[in-house]
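Enquirer: got a sequence here, can you model it:
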Amino acid sequence: MIDLNSKPLSEFKGLFAGLSAPEPSGLSGKFRAELVGPGWLRRIATPGLALGGLGGWQGKEFLLGEQGLNLVQRGGREKRIFPFELLYQPSHLDGKPAAAIRYVQPSPIPWLWITDELRWLDEQTLLGLTFLKAMPGLALPFVLHKDL
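Expert: Numbers count the residues shown, from 1 in each chain. All right, here's what the predicted structure looks like:
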């Protein structure tokens, strides 16, 4: 596997552009999260997620290929929060197909202003890029590992 933590943030868009999109119907089950990218980004990601209400983020669970929930660890227990729709659409990055996560109510702001896009890094691993409507040129990477 590629060492994603040695890559500068600027290289993730090019890496993502060369990957293939999953069909949403093929995504089901739990995927464990990993924060990736340069050290400065990984250091601020955890407190940034907590500020947005996703403290203790562990990953995502995809349900029936059309929707899902974020998984967080709270009080020693796994909780499912911040529902989303899973769509197959052109990427914000390059117009090629991507699985896109769009957060829905009752997810709070800022998540309603965020889209996550996913493509396969390998057979069990998705590379995700988080896009913020207010900063369309910024793409923040993360990885989701299929829990078997």
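Enquirer: for Gly59, which non-adjacent residue is closest in space?
Expert: Excluding the flanking residues, the one nearest Gly59 by C-beta to C-beta, 6 or more residues apart in numbering is Ala33, at 4.1 Å. From N, CA and C alone the C-beta is placed, and that goes for glycine too.
Enquirer: give me the contact list for the lengthiest strand in the chain.
Expert: Scanning the chain for the longest strand, with DSSP state E as the assignment, gives strand 77-90. The contact list for strand 77-90 (C-beta atoms under 8 Å, 6 or more residues apart in numbering) reads 21, 23-24, 27, 53-54, 58, 60-62, 65-73, 96-104, 106-108, 111, 116.
Enquirer: cool, stretch 26-33 as well?
Expert: 57-65, 68, 71, 86, 99, 118, 126, 142-147.
Enquirer: following element in sequence after the host helix or strand of Phe62, please.
Expert: Element membership for Phe62, per DSSP states H and E: strand 57-63. As assigned by DSSP H and E, the chain's next helix or strand after strand 57-63 is strand 67-74.
Enquirer: could you report the neighbour count for Gly128?
Expert: By other C-beta atoms under 10 Å, the residues close to Gly128 number 25.
Enquirer: ok, now which ones touch it?
Expert: Ile101, Asp116, Glu117, Leu118, Pro141, Phe142, Val143, Leu144.
Enquirer: any idea which helix or strand carries the residue nearest to Gly59?
Expert: strand 29-35.
Enquirer: before we move on, what about Leu140?
Expert: strand 135-146.
Enquirer: show me what that strand is packed against.
Expert: Judged by 3 or more C-beta pairs under 8 Å, 6 or more residues apart in numbering; DSSP states H and E, the packing partners of strand 135-146 are helix 12-17, strand 29-35, helix 39-51, strand 57-63, strand 114-122, strand 125-132.
Enquirer: low-scoring stretches of this protein, by residue?
Expert: Applying pLDDT under 70 to the chain picks out residues 1, 148.
Enquirer: how close does Leu63 get to Pro83?
Expert: From Leu63 across to Pro83, the span is 9 Å (C-beta to C-beta, to the nearest Å).
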